[in-house]
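Asks: Here is my input; please provide its structure:
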Amino acid sequence: METAPIFTEYFLLRFLINTLSMIILVRVVYYHTYQRKDSFFTFFLLNLIVFLLCYMLENTISFGIGSAFGLLAAFSLLRLRTESMS
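Replies: Now for the predicted structure:
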């Protein structure tokens with residue numbers, strides 16, 4: 001059984017779009033609203049992990065509505081278990 005390559009020619013384009021949108025969201029929306037720089041790295045790292053996870057799942061298995069609900073449940077539990085920043 002042959003497997004398809006995970007990183008196709010559209011990976012860099014999607015990664016660039018994702019990175020640019022994250023820069024706009026964090027720098028323009030978040031920073032101008034809260035005036036705090038301490039969460040920038042956390043936002044970028046979480047965005048990178050979610051992007052790579054979703055991209056690899058999309059290309060390796062059929063990513064259906066069940067998988068989307070599973071990811072939502074996993075990240076909701078992660079949010080519930082972590083301490084809030086003040």
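Asks: tell me the secondary structure for L12?
Replies: Using DSSP: H, G, I helix; E, B strand; the rest coil, the structure places L12 in helix.
Asks: Tell me how far it lies from H32.
Replies: From L12 across to H32, the span is 29 Å (CB to CB, to the nearest Å). For every residue, glycine as well, the C-beta is placed using N, CA and C.
Asks: Over to L72?
Replies: From L72 to H32 the distance is 28 Å (CB to CB).
Asks: go on, L16?
Replies: Going from L16 to H32 by CB to CB gives 23 Å.
Asks: One more: L57?
Replies: Here L57 is placed at a distance of 33 Å from H32 (CB to CB).
Asks: cool, and L45?
Replies: 21 Å.
Asks: do A68 as well
Replies: For A68, the distance to H32 equals 31 Å [CB to CB].
Asks: Could you do L53 as well?
Replies: L53 is 29 Å from H32, by CB to CB.
Asks: quick one: which of these two has more around it?
Replies: Each of L53 and H32 has its neighbours counted (other CB atoms under 10 Å); L53 has more, 12 against 8.
Asks: Secondary structure element for the more buried one, which one?
Replies: Element membership for L53, per DSSP states H and E: helix 40-60.
Asks: helices and strands around that helix, which ones?
Replies: helix 11-23, helix 65-81 (3 or more CB pairs under 8 Å, 6 or more residues apart in numbering; DSSP states H and E).
Asks: buried ones in that helix?
Replies: N47, Y55 (16 or more other CB atoms under 10 Å).
Asks: How about stretch 12-27?
Replies: By 16+ other CB under 10 Å, the buried positions in stretch 12-27 come out as N18, M22, V26.
Asks: Am I right that the last one is in contact with F40?
Replies: Yes: between V26 and F40 a contact is recorded at 6.0 Å, counting by CB atoms under 8 Å.
Asks: Which phi and psi values does T8 adopt?
Replies: Phi and psi for T8, reported as degrees, to the nearest 10, are phi -90, psi -170.
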